[in-house]
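> Quick check, what structure comes out for this input:
(one chain, ligands or ions: 1)
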Amino acid sequence: MKLQGTAMINEKGHLSIGGCDTVELVQKHGSPLYVMDETFLRDNCRAYYQAFSASGNGEVIYASKAFMNLAMCRVIEEEGLGLDVVSGGELYTARRAGFPMEKVYFHGNNKTDAELQQAIEYGIGHIVLDNHYEMERLNNIAGRAGRTVKVLLRITPGIECHTHEFIRTGQIDSKFGFPLPTGQAMEAIQAVVECNNLIYDGLHCHIGSQIFELESFRYAAEVMMNFIEEIHQKTGAVTSILNLGGGFGIRYTESDEPADINDYARTVLGAVQGEAEKRGLTIPKVVVEPGRSIAGPTGTTLYTIGSVKEIHGVRKYVAVDGGMNDNPRPALYGSRYEAMIANKAEQAAEEVVSITGKCCESGDMLIWDVSLPKAESGDILAVSSTGAYNYTMSMNYNRIGRPAVVFVRDGQSAVVVERESLDDLIRNDRIPPYLQR
Ligand SMILES: *Cc1c(COP(=O)(O)O)cnc(C)c1O
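Have a look, this model is predicted:
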């Protein structure tokens, strides 16, 4: 496992993150435990801010769906980033954290009336329209509230990316957005400028996730700028914002080679500026929506190893006290992770084992075939790069409570999400009168 951020091996030969010994973190906060390296997290935010916003023409909005809670909203606000939300729940969390609503963008392919109303009530900055049904309802809801709402239109530009099929969203056969190549995107622009209560502010596209080729982003920028010119010629509408989505890839294992954020910024900002000049258009503000690349590398999940089972001549299963409940990505996408034994961080690998969870599912495998020092019951297993799409995708299958989340920094750990208790698991259960005794 590659040590990233503030992760290091301390004098006891243990993995330490944010100056905290991971073995002590488990003693203090229990296991499994999501550990977020706050310094690293803030460094990632700053790298994005510097690369995109410092130029004056870019804006970075963090995609909440990667990892979100009240404390995270505070960090994002302190680091000067905006927020992308996709549900009333994420919106509510941002509001309860006191996040400035004008810096929030609301996404989603099927927002409910209640969510649209909530967004208008809160005074949200932008709503990203996905379809005509939503456009019409939002126009009506805003009208009834006596308000106008700034909108972007989500466009599917028809770009295929070299990434896992389930996390490709820019190709035209997609549930998201108005398709560009079929002419439907232009029809949507013509419709939105007719809506009295909606203000057309710009376009959005998101071509996928865990993308490593900067060329994909450059191409998306070019296709969108071409469309912006067409919009201007056909309707006279000015596109002030070009939101190019998220998707910047991170390192999960050694086969992943992420690009540099500064190169990413230079590529997209340069492409937008170049295309604008070529076409005689005003340069739109460029928005990017990183989620994974801000939170992902900064998270580590700590587990306690329980049973170790060797099927002679076949495989050795090492079971941990978590699994697909706290990290469904291997089961969902076949995602690969790296791991180490946190209390044997200096010991050389001596066996190849497979890490399994504790759910009643054969598919509950965290890592197939990982090289580790001898794994024994009671050891602490650390799995790296679990900061994005782990906590937010966690679930209570088998009535297993979600782990706690701690921020670590300068030798201190702070709980930002409490571990779910047994009582939390039955909190919403009700016994109807005829079953009471
Ligand atoms: C998921 C998503 C993001 C964030 O993607 P990452 O791969 O985590 O950077 C940004 N924008 C939209 C619309 C998304 O759906």
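> remind me, longest helix of the protein?
helix 214-235 (DSSP state H).
> Pull the residues that contact that one.
For helix 214-235, contacts defined as CB atoms under 8 Å, 6 or more residues apart in numbering pick out 155, 157-159, 161-162, 170, 180, 185-186, 189-190, 193, 203, 205, 207-208, 211, 237-239, 242, 244-245, 247, 259, 263-264, 267-268, 271-272, 275-276, 279, 281, 284. Any C-beta I mention is one placed from the backbone N, CA and C, and that applies to glycine too.
> and those residues, which of them are in helices?
Those of the contacts of helix 214-235 mapping onto helices are 185-186, 189-190, 263-264, 267-268, 271-272, 275-276, 279, per DSSP H.
> Just the buried ones from those, in ChimeraX syntax?
Only the buried entries of the ones in helices among the contacts of helix 214-235 go into this ChimeraX selection, using 16 or more other CB atoms under 10 Å:
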select :185,186,189,264,267,268,271,272,275,276
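> ok, which stretches of the stretch 251-400 of the chain are strands?
285-288, 299-311, 315-320, 339-341, 351-356, 365-372, 380-384 (DSSP state E, counting those that start in this stretch).
> what's the most buried one of the ones you listed?
Ranked by mean neighbour count under mean count of other CB atoms under 10 Å, those are led by strand 380-384, which reaches a mean of 26.
> partners of the helix or strand following that strand in the sheet?
Note on strand 380-384: by DSSP states H and E, the next helix or strand toward the C-terminus is strand 404-409. In the sheet, strand 404-409 lines up against strand 33-37 (parallel), strand 412-417 (antiparallel) (DSSP bridges).
> I'd like those as CSV, with distance to the ligand appended.
Supplementary listing: the strands paired with strand 404-409 in CSV, determined by distance: least, CB to the nearest ligand atom, whole Å:
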stretch, distance to the ligand
strand 33-37, 16
strand 412-417, 19
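> so of the ones you listed, which one's packed in deepest?
Among the strands paired with strand 404-409, ranked by average contacts under mean count of other CB under 10 Å, first place goes to strand 33-37 (a mean of 27).
> The residue of the stretch 101-250 of the chain found nearest the ligand and residue 430, how far apart?
Here the residue of the stretch 101-250 of the chain nearest the ligand is residue 246; by CB to the nearest ligand atom that distance is 2.7 Å. Per CB to CB, to the nearest Å, residue 246 is found 39 Å from residue 430.
> So which of the two has more stuff around it?
residue 246 (24 against 7; other CB atoms under 10 Å).
> near the ligand, which residues of the stretch 101-250 of the chain?
Residues of the stretch 101-250 of the chain lying near the ligand by CB under 6 Å from any ligand atom: 107, 206, 209, 245, 246, 247, 248.
> distance of the residue nearest to residue 335 when sequence neighbours are not counted from the ligand?
Among residues not flanking residue 335 along the chain, residue 329 sits closest, at 4.1 Å (CB to CB, 6 or more residues apart in numbering). Shown here: residue 329 relative to the ligand, a distance of 12 Å by CB to the nearest ligand atom, to the nearest Å.
> who touches residue 329 in this structure?
335, 389, 390, 393.
> same check, this time on residue 151
126, 127, 128, 129, 135, 138, 192, 198, 199, 200, 201.
> Residue 303 contacts residue 32, doesn't it?
Yes: with contact defined as CB atoms under 8 Å, residue 303 reaches residue 32; the gap is 4.8 Å.
> anything in contact with each of these two?
Common neighbours of residue 303 and residue 32 (CB under 8 Å, 6+ apart) are 320, 321, 322.
> Tabulate the residues you listed (a markdown table), appending distance to residue 381 and pLDDT.
Formatted as a markdown table, these follow (distance: CB to CB, whole Å; pLDDT from 0 to 100):
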| residue | distance to residue 381 | pLDDT |
| --- | --- | --- |
| 320 | 6 | 98 |
| 321 | 9 | 98 |
| 322 | 9 | 98 |
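> What's the separation between the residue nearest to residue 335 and residue 278?
Counting by CB to CB, the gap from residue 329 to residue 278 is 41 Å.
> can you count the residues close to residue 182?
Residue 182, neighbours per other CB under 10 Å, totals 12.
> and what of the one 5 residues further on?
Neighbour count of residue 187, defined by other CB under 10 Å: 12.
> who touches it in this structure?
Contacts of residue 187 by CB under 8 Å, 6+ apart are residue 178.
> go on, residue 157?
By CB under 8 Å, 6+ apart, the contact list for residue 157 reads 170, 180, 205, 207, 220, 223, 224, 227.
> before we move on, back to that, now render the strands paired with strand 404-409 as TSV, adding mean pLDDT.
Formatted as TSV, those follow (pLDDT from 0 to 100):
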stretch	mean pLDDT
strand 33-37	98
strand 412-417	98
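> nearest to residue 379, of these?
For those, proximity to residue 379 was assessed by CB to CB; strand 33-37 is nearest, at 14.5 Å.
> who's in contact with that closest one?
Here strand 33-37 makes contact (CB under 8 Å, 6+ apart) with 5-7, 17-18, 20, 22, 25-26, 67, 295, 298-302, 326, 386-387, 390-391, 403-409, 413, 416-417.
> Using PDB, write down the CA coordinates of that strand.
The C-alpha trace of strand 33-37 is given here as PDB (Å, rounded to 0.1, in the frame of the first residue of the first chain):
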ATOM      1  CA  LEU A  33     -13.300   3.000  11.400                       C
ATOM      2  CA  TYR A  34     -13.300   5.500   8.600                       C
ATOM      3  CA  VAL A  35     -10.200   7.800   9.100                       C
ATOM      4  CA  MET A  36     -10.100  11.000   7.100                       C
ATOM      5  CA  ASP A  37      -6.700  12.800   6.800                       C
END
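> what angle do that strand and strand 380-384 make?
Between strand 33-37 and strand 380-384, the angle comes out at 50 degrees (axes from the mean of the first three to the mean of the last three CA atoms, to 10 degrees).
> Give me the buried stretch members for the helix or strand that comes right after strand 33-37, please.
Past strand 33-37, further along toward the C-terminus, the next helix or strand under DSSP H and E is helix 38-48. For helix 38-48, burial by neighbour count (16+ other CB under 10 Å) applies to 38, 39, 40, 41, 42, 43, 44, 45, 47, 48.
> what do you get for stretch 414-433?
In stretch 414-433, counting by 16+ other CB under 10 Å, buried: 416, 417, 419, 420.
> my read is the last one is in a helix, agree?
The one in question is residue 420. No: counting by DSSP: H, G, I helix; E, B strand; the rest coil, residue 420 is not part of a helix but coil.
> Near the ligand, which residues of the stretch 301-437 of the chain are found?
Counting by CB under 6 Å from any ligand atom, the stretch 301-437 of the chain sits next to the ligand at residue 388.
> how many neighbours does the residue in the stretch 1-150 of the chain positioned nearest to the ligand have?
Of all residues in the stretch 1-150 of the chain, residue 63 sits closest to the ligand, at 3.4 Å by CB to the nearest ligand atom. For residue 63, the neighbour count with other CB under 10 Å is 28.
> Good, we can wrap up now.
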